[in-house]
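**Q** Got a predicted structure here, sequence first:
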Amino acid sequence: ILKIHKDRFQSVERRAVDVMETVTNTGLKYDEKEEKINVCQAIEEMRIESEQIGEKRGRRIGEERGALKTAQKNARSFYNMGLDVKMIAEGIGYDVATVKKWLGLEK
C-alpha cells in the first residue's frame, strides 16, 4: 500500500497517524509536535530497527550454539583422554547429567 500510494503517506496529519498507531499498535515513532508526519519514513525507520534487533538476536543465538558445540566437543575429547566425567563437567561449566547425555552415558 505504501509503495503504491507513496505520495499519499508522505504527509499525513498527526491526528490520523495517532489513530493509525492506536489501531495497529505498531510502535510508529514520530515527533508529536509535528502537524504532518511522513508515515513512509516512520515505517522505514521501524523496519530498520526491527532488522537490527533481529540481527543482534541471530548473532546471540549463533554464539550460544557455537559455545555449546565447543563444550560438547571438548567434553568428548576430555572423555577420550580418560578424564573423569565429574572433572569434565566442572572444567567446562556444565552439570554432570548434561555431560553424560552428550557422551551417551545417560539418557
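**A** Sure thing, it's come through. Numbers count the residues shown, from 1 in each chain.

**Q** only C-alpha atoms for contact and neighbour calcs from this point on.
**A** Will do.

**Q** Averaged pLDDT, the helix or strand containing residue 42. What do you get?
**A** Per DSSP states H and E: residue 42 is located in helix 39-80. Mean per-residue pLDDT for helix 39-80: 95.

**Q** elements contacting it?
**A** Applying 3 or more CA pairs under 8 Å, 6 or more residues apart in numbering; DSSP states H and E, we find helix 39-80 packed against helix 6-9, helix 85-92, helix 96-103.

**Q** after the first one, next one along is what?
**A** On the C-terminal side of helix 6-9, the closest following helix or strand by DSSP H and E is strand 12-13.

**Q** just checking, what packs against that next one?
**A** strand 36-37.

**Q** Neighbouring strands - and their directions - for the strand it packs on?
**A** strand 12-13 (antiparallel) (DSSP bridges).

**Q** For the partner strand, what is the distance to the chain centroid?
**A** Centroid separation for strand 12-13 versus its chain: 33 Å, with CA atoms, centre = their mean, to the nearest Å.

**Q** quick check: mean pLDDT across it?
**A** On average, strand 12-13 scores 91.

**Q** Report the next helix or strand after that strand in sequence order.
**A** Following strand 12-13 in sequence, per DSSP H and E, is helix 14-24.

**Q** by how many degrees do that next one and helix 39-80 diverge?
**A** Going by axes from the mean of the first three to the mean of the last three CA atoms, to 10 degrees, helix 14-24 is angled at 40 degrees with respect to helix 39-80.
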